[in-house]
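Visitor: take this sequence and fold it.
(chains A and B)
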Amino acid sequence: AQSVTQLDSQVPVFEEAPVELRCNYSSSVSVYLFWYVQYPNQGLQLLLKYLSGSTLVKGINGFEAEFNKSQTSFHLRKPSVHISDTAEYFCAAEGGGGTSYGKLTFGQGTILTVHP
Amino acid sequence: DTGVSQDPRHKITKRGQNVTFRCDPISEHNRLYWYRQTLGQGPEFLTYFQNEAQLEKSRLLSDRFSAERPKGSFSTLEIQRTEQGDSAMYLCASSRRDSLTGELFFGEGSRLTVL
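Guide: Reported below is the predicted structural model:
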């Protein structure tokens, strides 16, 4: 069974500072990994995904994440945040090989608050 | 692409009552999912449809829960004899016909409060 752990429930940061949101996963099989973002009063939307290939993946709004198989991590980073990045971020995993068809295991979420 | 829509957005009910939520997926998506999200937690998978067939159900989905997708378009999630522990946000998502991954498009959710 998979599990996803987001190591920080809240991350406060000042505008234009870099940020890293940490995510670790546990799985006995290969996985697909995702970061979703939820802005206030909106549905979750996909930020980026890792399926295979390059371990550094780039997403929307300047975010990127690095897949580290040895550390079973998939941390999300942005070099310079904006006020508009304030939202809740969810890391998620799906069993690889295309067999789980959208059955995602989510982490608990990290609330990113960007202060002016 | 009008997005995934859910109705109602908010529902307050008394314990023991039945409630029904509706989800309209993106029109060309043949897969539809229901998730539940409680306060301070990430979404948890409940069930999944491919067209009208319900292919998987989580153990979280007790006998009081039933989901349908009769014509392979919209879906309903009914909760019978609601309990206070059912209070949560119920999320619907859909995915592209040819997608083999968890790239889901979520609705804004239906928030249930059971008094």
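Visitor: element containing the residue most central in space within chain A, please.
Guide: Residue closest to the average C-alpha location in chain A (Cα atoms, centre = their mean): residue A:35, at 3.2 Å. When elements are assigned from DSSP states H and E, residue A:35 belongs to strand A:31-38.
Visitor: what pairs with that strand, and is each one parallel or antiparallel?
Guide: If you go by DSSP bridges, strand A:31-38 pairs up with strand A:45-50 (antiparallel), strand A:87-95 (antiparallel).
Visitor: any idea which of those strands is most buried?
Guide: For those, average neighbour numbers computed from mean count of other Cβ atoms under 10 Å in any protein chain shown are highest in strand A:87-95, which has a mean of 24. The way it works is simple: take the backbone N, C-alpha and C, and place the C-beta from them, glycine included.
Visitor: let me know the average pLDDT across that strand.
Guide: What strand A:87-95 shows for mean pLDDT is 92.
Visitor: residue B:78 against residue B:63, yeah?
Guide: No. The pair residue B:78 / residue B:63 is not scored as a contact, 11.7 Å apart, by Cβ atoms under 8 Å.
Visitor: and these two? Which one has more around it.
Guide: Shown here are residue B:78 and residue B:63; by other Cβ atoms under 10 Å in any protein chain shown, residue B:78 has more neighbours (13 against 7).
Visitor: quick one, what contacts that one?
Guide: Contact analysis of residue B:78 by Cβ atoms under 8 Å, 6 or more residues apart in numbering or on different chains lists B:18-21, B:65-68.
Visitor: the residue sitting nearest the centre point of chain B is in what secondary structure piece?
Guide: By Cα atoms, centre = their mean, the mean C-alpha position of chain B lies nearest to residue B:34, the distance being 3.2 Å. Following DSSP H and E, one finds residue B:34 within strand B:31-37.
Visitor: just the angle for that strand relative to strand A:87-95, thanks.
Guide: Compare the direction of strand B:31-37 with that of strand A:87-95 by axes from the mean of the first three to the mean of the last three Cα atoms, to 10 degrees and you get 120 degrees.
Visitor: partner strands of the next helix or strand after strand B:31-37, with direction?
Guide: Next along the chain after strand B:31-37, taking DSSP H and E as the criterion, comes strand B:44-50. Paired with strand B:44-50 in the same sheet, following DSSP bridges, are strand B:31-37 (antiparallel), strand B:53-57 (antiparallel).
Visitor: CA atoms only for strand B:44-50, dumped as PDB, please.
Guide: The C-alpha trace of strand B:44-50 is given here as PDB (Å, rounded to 0.1, in the frame of the first residue of the first chain):
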ATOM      1  CA  GLU B  44      -9.200  10.100   0.000                       C
ATOM      2  CA  PHE B  45     -10.400   7.900  -2.900                       C
ATOM      3  CA  LEU B  46     -13.900   6.600  -2.600                       C
ATOM      4  CA  THR B  47     -14.900   5.200  -6.000                       C
ATOM      5  CA  TYR B  48     -14.300   5.300  -9.700                       C
ATOM      6  CA  PHE B  49     -16.400   4.900 -12.900                       C
ATOM      7  CA  GLN B  50     -15.300   4.200 -16.400                       C
END
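Visitor: thanks a lot, see you next time.
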